[in-house]
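Participant: sequence first, then the predicted structure:
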Amino acid sequence: MKSEHGERTEDTAGRTTGGGRTDPATEAFVAHRNLLFTVAYEMLGSAADAEDVLQETWLRWAGVELATVRDRRAYLVRITTRQALSRLRTLGRRRESYIGPWLPEPLLTAPDVAEDVELADSVSMAMLLVLETLAPTERAVFVLREVFDLGYDEIAEAVDRSPAAVRQIAHRARAHVAARRPRGIVSPAETRHALDAFRRAAETGDLRSLLDILAPDVVFMGDGGGVRQAVPRPVVGADKVGRLLAAGLGRIATMGSLRPAQVNGCPALVLRLDDAIDTVVAVRIDDGLITGLYAVRNPEKLSHMRRETTLRR
């Protein structure tokens, strides 16, 4: 069958009981599918890989004797976490050879994601980049504890560590993330203000309002994946980023259109050329200033911008 994200999946809705009803294993998987996707995506930063993890989770779940399962949600989360951990270690090696900066895959998200402030913060582009700096097991523990509020015993089973070890890993991961995450929860209004300045600069050529809100140590990252033109390495500093934007924004007004969108639970901009998505622009804001500008251009990462993705926790 096709998932709500549009990709092919195992025919999890096709298994029925003798009376024509969907069997309990399928019902449980479908009921928790959005949660499982969110767990996998937060661990991987890639929707395509998260979908693959869900395929693998279903194959393993379909072979489980349900009579032995006390908590189906916890069991499914455990399978998903283990599959995501295995894939995360593989992705680490793959990203070492990635051409240019690597950015998470953006998702067009439903309005209810933004209403869950903690969920929106956890899937924001800025936060996913912070999670990239954690070791695989640290990332799994942090996501399961801080985002999904799982108990230490449950997490221990998922990552194959003792509860005591998980507590230590969680403490270490929290400290690591706290030192690198955006300072405080940024309101959608603050983000929209920054993006409005970006859009005005592109449409009018007046960079002043945009330059005024760039932090001195702002970082610009572009992800073309070696397929589309993008900066080959991060550009750091307001002067350098300002010159880069001055050279590039003028061309946007004549070539395409910038439109607001809800991406990863936060306001963002989408550049369309000939009505096709060319670039997704997201920002990180600290103390009212833009400290990160992220432009995703790799076409392989833009497929989930065509339809809304539902996230749950």
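Facilitator: Cool, the structure landed.
Participant: for the stretch 101-250 of the chain, what spans make up the helices?
Facilitator: Using DSSP state H, counting those that start in this stretch, the helices of the stretch 101-250 of the chain run over 111-115, 117-123, 125-131, 136-142, 152-159, 163-178, 188-204, 208-211, 238-255.
Participant: what's the closest of those to Thr57?
Facilitator: Closest of the helices of the stretch 101-250 of the chain to Thr57 is helix 152-159, at 12.1 Å (criterion: C-beta to C-beta). From N, CA and C alone the C-beta is placed, and that goes for glycine too.
Participant: in that closest one, what's buried?
Facilitator: Going by neighbour count (16 or more other C-beta atoms under 10 Å), the buried part of helix 152-159 is 152, 154-159.
Participant: with mean pLDDT and distance to Ala31 added, can I get the helices of the stretch 101-250 of the chain in JSON lines?
Facilitator: Below are these laid out as JSON lines (pLDDT from 0 to 100; distance: least, C-beta to C-beta, whole Å):
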{"stretch": "helix 111-115", "mean pLDDT": "90", "distance to Ala31": "17"}
{"stretch": "helix 117-123", "mean pLDDT": "93", "distance to Ala31": "18"}
{"stretch": "helix 125-131", "mean pLDDT": "96", "distance to Ala31": "26"}
{"stretch": "helix 136-142", "mean pLDDT": "98", "distance to Ala31": "23"}
{"stretch": "helix 152-159", "mean pLDDT": "96", "distance to Ala31": "18"}
{"stretch": "helix 163-178", "mean pLDDT": "98", "distance to Ala31": "27"}
{"stretch": "helix 188-204", "mean pLDDT": "88", "distance to Ala31": "30"}
{"stretch": "helix 208-211", "mean pLDDT": "88", "distance to Ala31": "45"}
{"stretch": "helix 238-255", "mean pLDDT": "83", "distance to Ala31": "43"}
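Participant: so which of those is nearest Gly45?
Facilitator: For the helices of the stretch 101-250 of the chain, the distance to Gly45 is smallest for helix 125-131, at 4.8 Å, taking C-beta to C-beta.
Participant: which stretches of this protein have low pLDDT?
Facilitator: Applying pLDDT under 70 to the chain picks out residues 1-21, 253.
Participant: hmm, try it at 50
Facilitator: Applying pLDDT under 50 to the chain flags residues 1-14.
Participant: report the contact partners of the nearest residue to Val53 once chain neighbours are set aside.
Facilitator: Nearest non-adjacent residue to Val53, counting by C-beta to C-beta, 6 or more residues apart in numbering: Ala40, 4.2 Å away. With contact set as C-beta atoms under 8 Å, 6 or more residues apart in numbering, Ala40 has these partners: 49-50, 53-54, 80, 83-84.
Participant: what's the closest of these to Pro101?
Facilitator: When those are compared against Pro101 (criterion: C-beta to C-beta), the nearest one is Asp49, at 18.1 Å.
Participant: over to Ala50: give its phi and psi.
Facilitator: Ala50 adopts backbone torsions of phi -60, psi -40, taken as degrees, to the nearest 10.
Participant: do the one 5 residues further on as well
Facilitator: For Gln55, the backbone dihedrals (degrees, to the nearest 10) come out as phi -60, psi -50.
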